[in-house]
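Student: I need the structure of the sequence given here:
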Amino acid sequence: GVQLVESGGGSVQAGGSLRLSCQFSGDTDSSYCIGWFRQAPGKEREAVAANDRDGITSYANSVKGRFTVSRNNAKHSLYLQMNTLKPDDTATYYCAARGWPCSMRREFGYWGQGTQVTVSS
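Tutor: Have a look, this model is predicted:
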């Protein structure tokens, strides 16, 4: 299996930035793809981005140009740099893992506990 732990959430004003971290451990094949997801109260879970170990990253249209994913395989860490934050970005953010192939549209079998991001206007 894969264990994932998110950190870095917090409260920020609109236009600000936050950097989330996802520390993952366990089976290498099952962590080939790491995704970021978010869920706001009363809303369905939304895919934010997905990154594979070969360096390919895809983004949801809602965050493209504002969010950037980076990965440090040696440290088993994935980061989500969030800039120009909007109140609509308020949600609990989760990182999740799956094997190949990597796609936000695929099922992810391993999930972290989530970290809260609150953006005030």
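
Student: from residue 19, how far out is residue 79?
Tutor: 6 Å (Cβ to Cβ, to the nearest Å). All C-beta spots, glycine's among them, are computed from the backbone N, C-alpha and C.

Student: residue 113 now?
Tutor: Applying Cβ to Cβ, the value for residue 113 to residue 19 is 18 Å.

Student: between the two, point out the one with more neighbours.
Tutor: More neighbours surround residue 19 than the other of residue 113 and residue 19, with 15 against 10 (other Cβ atoms under 10 Å).

Student: since we're on residue 69, how many residues are nearby?
Tutor: Using other Cβ under 10 Å, residue 69 has 21 neighbouring residues.

Student: what's the answer for residue 46, then?
Tutor: As a measure of burial, residue 46 has 15 neighbours, counting by other Cβ under 10 Å.

Student: for it, name its beta-bridge partners.
Tutor: Beta-bridge pairing for residue 46 (DSSP bridges): residue 38.

Student: now swap in the one 4 residues further on and tell me
Tutor: Going by DSSP bridges, residue 50 is paired in beta bridges with residue 35, residue 58.

Student: check contacts around it.
Tutor: Residues in contact with residue 50 (Cβ atoms under 8 Å, 6 or more residues apart in numbering) are 33, 34, 35, 36, 57, 58, 102, 103, 104.

Student: one more time with 7 Å
Tutor: Neighbour list for residue 50: 33, 35, 57, 58, 102, 103, 104 [criterion: Cβ atoms under 7 Å, 6 or more residues apart in numbering].

Student: surely the fourth one meets residue 104?
Tutor: Right, residue 58. Yes: the criterion here is Cβ atoms under 7 Å, and residue 58 meets it with residue 104 at 6.1 Å.

Student: skipping its backbone neighbours, what lies nearest residue 105 in space?
Tutor: residue 47 (7.4 Å; Cβ to Cβ, 6 or more residues apart in numbering).
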